[in-house]
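Participant: Predicted coordinates and the sequence they were generated for:
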Amino acid sequence: MSVKDRLQVGVNGVLRPFGVQLVRGFSTDPLISPFLPARQTIKRATAAGLSVGDYLDNYSSEPGATADTVSAMLAASGLSEAGAVGKVLEIGPGSGRYTSRVIMALRPQTYDVYETAPDWVRYLRGEFPELTFHPADGHTLASTGSSTVDLVHAHKLLCYIPFVTAVCYLDEMARVVRPGGTAAFDLITDDCMDSQMTKTWLAEPSRGAIYSVAPRDWVLQFMAQRDLELTGSHFVPLSGGRTELLVFTRR
């Protein structure tokens, strides 16, 4: 262990009772690297002559994937009429590529977000001054009241985090959505694991290592126990495979 590492361990030992720790400013950890840094991403999008959203579509999925995902989500939700939605909540909006399309389609009265990345929060504040930001702890929606949200959604987030953390978010989404409202999110379910995706992961194990796979039937049962009924699903392209968008309505 280097002197720097020993120092970090010692400082973190002092800070641990306060729930705080030091981390490196840059990490090559494959579990962290999929969440792209804002400055670098914006710079590359500009150099490519693309919006940040279009750049990310090309980088991690395929052109038009974001628009298709939002269209599928809204079609399954029944929340397609602009101005008829009171509150939307998005978990992990990142670049805002889904945010912008949902705002354009629904014109909600309020749009709340939970984002853990400070660099993307700064970017979002500049691009979307109408957003309401809440403190994000990475597993709850603590600032949002129960049964208060018309649409709560998350995209390209739950497939990257540990499944137990994803389950915490699913429980919270079920809590905050109102009766008749919609909860939507994408996961890598077992239905996503077709032969091509399996071949890709076997050929390049590092690709699969950054993802978390969820048991589809278990997720449906978990949501049903919280009065959420599946009303639609849609496969979404992902680098090295695909995710499944699941759309639920609260009974």
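Facilitator: Arrived safely. All values derive from a computational prediction rather than experimental measurement.
Participant: A strand includes Y123, no?
Facilitator: No - Y123: not assigned to a strand; according to DSSP: H, G, I helix; E, B strand; the rest coil it is helix.
Participant: quick one: it and L36 touch, right?
Facilitator: No - using Cβ atoms under 8 Å, Y123 is not in contact with L36; the gap is 11.5 Å. C-beta here means a position set from N, CA and C on the backbone, and glycine is covered the same way.
Participant: Pass me the low-pLDDT residue ranges in the chain, would you?
Facilitator: 1-34, 81-82 (pLDDT under 70).
Participant: how does it look with 80?
Facilitator: Within the chain, the stretches with pLDDT under 80 are 1-35, 60-61, 80-84, 207.
Participant: longest strand anywhere in it?
Facilitator: Scanning the chain for the strand with the most residues, using DSSP state E, yields strand 177-189.
Participant: Does anything pack onto that one? Which helices or strands?
Facilitator: Helices and strands touching strand 177-189, by 3 or more Cβ pairs under 8 Å, 6 or more residues apart in numbering; DSSP states H and E, are helix 65-77, strand 149-154, helix 163-176, strand 213-214, helix 216-224, strand 228-238, strand 241-250.
Participant: same thing but at 6 Å, please
Facilitator: With contacts defined as 3 or more Cβ pairs under 6 Å, 6 or more residues apart in numbering; DSSP states H and E, strand 177-189 has these neighbours: strand 149-154, strand 213-214, strand 241-250.
Participant: Mind listing the residues bridging to the nearest residue to C159 once chain neighbours are set aside?
Facilitator: Computed as Cβ to Cβ, 6 or more residues apart in numbering, the closest residue to C159 that is not its neighbour in sequence is I188, at 4.7 Å. Taking DSSP bridges as the rule, I188 bridges to V213.
Participant: Great, nothing more from me.
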